[in-house]
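Colleague: here's my sequence, what's the structure:
(chains A and B)
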Amino acid sequence: MTKRISSVLVALLLALALGVTACGDDDDGGGNGGGGGGGGGAAETQGANVAFLPKQVDNPYFDTAAEAAARQLGGEFKQVGPSEASAPAQVPFINTLTSQGVDAIAVSANDPNALNQALKRADQAGVKIVTYDSDVAPEARAVFVNQADTEQIGRSQVQILGEQISYKGEIAILSAASTATNQNAWIEFMKDELSKSKYKDMKLVKVAYGNDDDQKSFQETLGLIQAYPNLKGIISPTTVGIAAAARALDSEGLKGKIALTGLGTPNQMRKYVKNGTVEEFALWDPEKLGYLAYYAAAALANDQITGEEGETFKAGDLGEKRIEKDGVVILGPPTRFNKENIDDFDF
Amino acid sequence: MKLRLSLLFQWETLLVLLIIVTILIGSSVSGAFLTGQNVSLATADLVEKAIMALGLTLVIVAGEIDLSVASVLGLSSAIVGALVDTGAPLGVAIAAALVAGALCGLFNGLLVANLGLPSLVVTLGTLALFRGLAYVVLGDRAVSEFPLGFTDFGFATVPGTLIPWTAVVFAVLAVITFVVLHRSWIGRDVYAIGNNEHAARFSGVEVGRLKIGLFVSSGTLAALAGVVFTARFASARPDNALGFELDVVTAVLLGGVSIFGGRGTVVGVVLALLLIGALRNLLNLEDVAAEKQSIVIGTLLIVSVIATNALRGMQERTARRRPAGPQAEASTEGGG
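Modeller: Prediction:
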């Protein structure tokens, strides 16, 4: 019996030892400090140790030019993340990056609410938080690097599809996850755009969710085709969804019968634009989005900006960028891709 | 009896040594490993698995297994999310999740105890069944809007320290489990069933009822882990904690609990949890992908079974050589 007690004691001692070290040093993880700033124009942005946490790692959309930005600034870059796009899978990465003491985290959130607590804790530990591509609550981050104006993206996709189907017929939306922040915001503006009299003969019959999973998106597209024989058009505001939908339409021989547009990358969509399955789709340049996010994160880490409206910082090739209301930085309007220009892009 | 205790003591000593080695290696490899921030976050990362491991410890000591724990966690999370989403008070949602967990355990227990089915098969089935139910409850959705107090609890630490509140919850449960298993008649009966179910039955132990009780407690604890998980990640999703059973079963077996029943201590399991937590954390800090980490955990599982069996073999031999009395002999037979 005494031996068991002593084993418990050993365990307790160990826990105590852990506890003592727990109260010990805390890496302040500071960046290169100061960096100037102030005055009229923005100071040169300096490098920092920035970690990127995309929605998922094996999605080509997230292979951005952030690393190039890091090289330009002489800063550090790494990208980590889950293999499936879910918010609970992102939380441990935030915790680990906090422990590692990086200067800043640039995250594309899988859920607008679920990461807030972890990000706040990271912030308390001195890690600067930038969101890019997909935002969280404004109080949980300093800056949101937005690809383009949400309203503009939502409305323009309905406008493109309207042109293609002469503003007539049943249409459906193939989205990402039902909780995806961006997609839901865009869909709201799509619905609003559809309520205009111009679109009175276009009817939204269904919003399907492919969860940014290729197989599921493919199946959902087939499901839409079967359930709505009069379907004239599909909008897929997600790069995974539009590629899967294009493949489904192509394999079912529905070229010219069902129009498809949305947000896709030129490399994924080139084949379908060239064979006529897809006439035109849109996207911003995701490479530049990561590039801008790196610059914003570095500027924050070096205390050159804090995320207040009206502050400016230098973003390398993109020139000087201004922080708008709620700490939002906008990359620029989306590009439309079609047969004429698609070969000019490689991403 | 003395012999068994001393050998168990050795196993636990081994675990303590392994933890110390991991900490030494960890702190030399990564400067971030032994910081307060990291220890605090790593502890929080462990809590759900640790709570499930407590319930599972009792089940395995009794010679059964519960593979459905992570699915019960998912179902519990889905129920909390679905109810909060429809505007139900948080307390009601949590209570409903705990009741559901208890019912899941009851279902497992009835199939095992009353129909005499092997728990491995039953809980393998309910692993899929309960996960499926979680999808029925919440569909493809995820709920992430919870009262702030709830999600704060998931991340908050005891004021003035870096100890997560959720870890306090675990510590209380661990003490209760310790008392139940090592200091009460329930524990004695559980060991008796695990060592020799027939003998236990003949000596008046209500085997069936006790087994049902163990599965109910395992289900309830898994549901509680689901509540903690939901708070900590501010996310109710049907696929929450998918695959967590691997870590939980590993922790219990690595803790020295025999997969054949009849042996094991709560202290051993807690030490094994610390070891697995430290290892996982170190691998995270070194940016080893979660998929690759399963190689380490899987290996650990196999090694722990081999090591405990080898230890038992040695134990049997020494027991035969020395006239240690009938008790030592009986305790080495193992149940089935």
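
Colleague: all strands for chain A, in order.
Modeller: For chain A, the strands defined by DSSP state E cover A:49-53, A:76-79, A:104-107, A:128-132, A:143-146, A:169-175, A:202-209, A:231-236, A:259-262, A:280-283, A:312-314, A:320-322, A:328-330, A:335-338.

Colleague: I'd like to know which of the ones you listed lies nearest to chain B.
Modeller: strand A:202-209 (6.0 Å; CB to the nearest CB). Yep, even glycine has a C-beta here, placed from its N, CA and C like the rest.

Colleague: can you tell me if that closest one touches chain B.
Modeller: Yes - interface with chain B: strand A:202-209 contributes A:Tyr209 (CB under 8 Å from any CB of the partner chain).

Colleague: helices or strands next to that strand in the packing?
Modeller: strand A:169-175, helix A:181-194, helix A:214-227 (3 or more CB pairs under 8 Å, 6 or more residues apart in numbering or on different chains; DSSP states H and E).

Colleague: next one: stretch A:134-152 to chain centre, how far?
Modeller: Relative to the chain's own centre, stretch A:134-152 is displaced by 9 Å; criterion: CA atoms, centre = their mean, to the nearest Å.

Colleague: what does stretch B:60-70 give?
Modeller: On CA atoms, centre = their mean, the centre of stretch B:60-70 falls 9 Å from that of its chain.

Colleague: same check on stretch B:175-188?
Modeller: Distance, centroid of stretch B:175-188 to centroid of chain: 16 Å (CA atoms, centre = their mean).

Colleague: swap in stretch A:124-144?
Modeller: From the chain centre to the centre of stretch A:124-144 is a distance of 13 Å (CA atoms, centre = their mean).

Colleague: output it as PDB, nothing but the C-alphas.
Modeller: Output of stretch A:124-144 as PDB, limited to C-alpha atoms (Å, rounded to 0.1, in the frame of the first residue of the first chain):
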ATOM      1  CA  GLN A 124      -3.500  37.700 -25.400                       C
ATOM      2  CA  ALA A 125      -0.200  35.800 -25.900                       C
ATOM      3  CA  GLY A 126       0.900  38.600 -28.200                       C
ATOM      4  CA  VAL A 127       0.300  37.000 -31.600                       C
ATOM      5  CA  LYS A 128      -1.200  39.300 -34.200                       C
ATOM      6  CA  ILE A 129      -4.200  38.000 -36.100                       C
ATOM      7  CA  VAL A 130      -5.100  38.600 -39.700                       C
ATOM      8  CA  THR A 131      -7.900  36.900 -41.500                       C
ATOM      9  CA  TYR A 132      -7.900  36.500 -45.200                       C
ATOM     10  CA  ASP A 133     -10.400  35.000 -47.700                       C
ATOM     11  CA  SER A 134     -12.900  34.200 -44.900                       C
ATOM     12  CA  ASP A 135     -13.400  36.300 -41.800                       C
ATOM     13  CA  VAL A 136     -14.200  35.800 -38.200                       C
ATOM     14  CA  ALA A 137     -15.900  38.200 -35.800                       C
ATOM     15  CA  PRO A 138     -14.100  41.600 -36.100                       C
ATOM     16  CA  GLU A 139     -13.200  41.700 -32.400                       C
ATOM     17  CA  ALA A 140     -11.200  38.400 -32.800                       C
ATOM     18  CA  ARG A 141      -8.800  39.800 -35.400                       C
ATOM     19  CA  ALA A 142      -7.000  43.000 -36.200                       C
ATOM     20  CA  VAL A 143      -7.300  43.000 -40.000                       C
ATOM     21  CA  PHE A 144      -9.400  41.200 -42.600                       C
END
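
Colleague: looking at the strands of chain A, which is nearest to B:Leu115?
Modeller: Across these, B:Leu115 has its closest neighbour in strand A:202-209 (39.6 Å, CB to CB).

Colleague: is it possible to export the strands of chain A to JSON lines including mean neighbour count?
Modeller: Listed next are the strands of chain A as JSON lines, based on neighbours: other CB atoms under 10 Å in any protein chain shown:
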{"stretch": "strand A:49-53", "mean neighbour count": "26"}
{"stretch": "strand A:76-79", "mean neighbour count": "18"}
{"stretch": "strand A:104-107", "mean neighbour count": "29"}
{"stretch": "strand A:128-132", "mean neighbour count": "28"}
{"stretch": "strand A:143-146", "mean neighbour count": "27"}
{"stretch": "strand A:169-175", "mean neighbour count": "24"}
{"stretch": "strand A:202-209", "mean neighbour count": "18"}
{"stretch": "strand A:231-236", "mean neighbour count": "25"}
{"stretch": "strand A:259-262", "mean neighbour count": "28"}
{"stretch": "strand A:280-283", "mean neighbour count": "24"}
{"stretch": "strand A:312-314", "mean neighbour count": "19"}
{"stretch": "strand A:320-322", "mean neighbour count": "16"}
{"stretch": "strand A:328-330", "mean neighbour count": "21"}
{"stretch": "strand A:335-338", "mean neighbour count": "16"}
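
Colleague: looking at these, which is nearest to B:Gly149?
Modeller: With CB to CB as the criterion, B:Gly149 lies closest to strand A:128-132 of these, at 22.7 Å.

Colleague: describe which strands the closest one pairs with in its sheet and in which direction.
Modeller: strand A:104-107 (parallel), strand A:143-146 (parallel) (DSSP bridges).
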